[in-house]
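Asker: Structure for the following, please:
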Amino acid sequence: MIDIISESTEKQLVHHYCLLTQNNRYDLSIAFSSHFYGKSMVTSIQSSKMSLLCLEDIQSEHYWAPKLGIAEEDISEIQNFFSMVLPSKHICEL
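Answerer: Here you go, the predicted model:
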């Protein structure tokens, strides 16, 4: 038997990105939701893993880069990309 302790439905804004750095290709989907305390759900198609991120998290690359399969040499470029597309957690909480 299973008990459902929570359920919510919302219309999510999802963006799919194909990024090409000098070294690698990354296919990322970003779901913008109010459900994760202002963080977006970033999913790597290649690694089949996800990470909850907001703008304030991008400097903690040790947390998200391994999960998303981002190569060390591409972290700076991916941080720049995230800085353009991820919302600030503080903006989402308003």
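Asker: Mean confidence (pLDDT) on the biggest helix by length in the chain, please.
Answerer: For the chain, the helix reaching the highest residue count under DSSP state H is reported as helix 75-85. With pLDDT averaged residue by residue, helix 75-85 scores 96.
Asker: Check which helices and strands that helix sits against.
Answerer: In terms of contacts (3 or more C-beta pairs under 8 Å, 6 or more residues apart in numbering; DSSP states H and E), helix 75-85 is packed against strand 13-20, helix 61-68. C-beta here means a position set from N, CA and C on the backbone, and glycine is covered the same way.
Asker: what about 10 Å?
Answerer: Contacts of helix 75-85 with other secondary structure elements, assessed using 3 or more C-beta pairs under 10 Å, 6 or more residues apart in numbering; DSSP states H and E, are made with strand 13-20, strand 25-32, strand 40-44, helix 61-68.
Asker: ok, and the helix or strand in this protein with the lowest average confidence?
Answerer: Among the helical and strand segments of the chain, the one scoring lowest on mean pLDDT, DSSP states H and E is helix 89-92, with a mean of 54.
Asker: show me the residues around the spatially most central residue of the chain that make contact.
Answerer: In the chain, the residue lying closest to the centroid (C-alpha atoms, centre = their mean) is Val42, at 2.3 Å. Val42 makes contact with 17, 28-31, 49-53, 57, 64, 67-68, 82, 85-86, according to C-beta atoms under 10 Å, 6 or more residues apart in numbering.
Asker: try Ile75
Answerer: Contacts for Ile75 were tallied using C-beta under 10 Å, 6+ apart; they are Thr21, Ile58, Glu61, His62, Trp64, Ala65.
Asker: ok, now with 6 Å
Answerer: By C-beta atoms under 6 Å, 6 or more residues apart in numbering, the contact set of Ile75 is Glu61, Ala65.
Asker: State the distance from it to His62.
Answerer: Remark: distance between Ile75 and His62 (C-beta to C-beta, to the nearest Å) = 10 Å.
Asker: first vs last residue of stretch 25-42, how far apart are they?
Answerer: Distances were taken as C-alpha to C-alpha, to the nearest Å; on that basis the terminal residues of stretch 25-42 are 16 Å apart.
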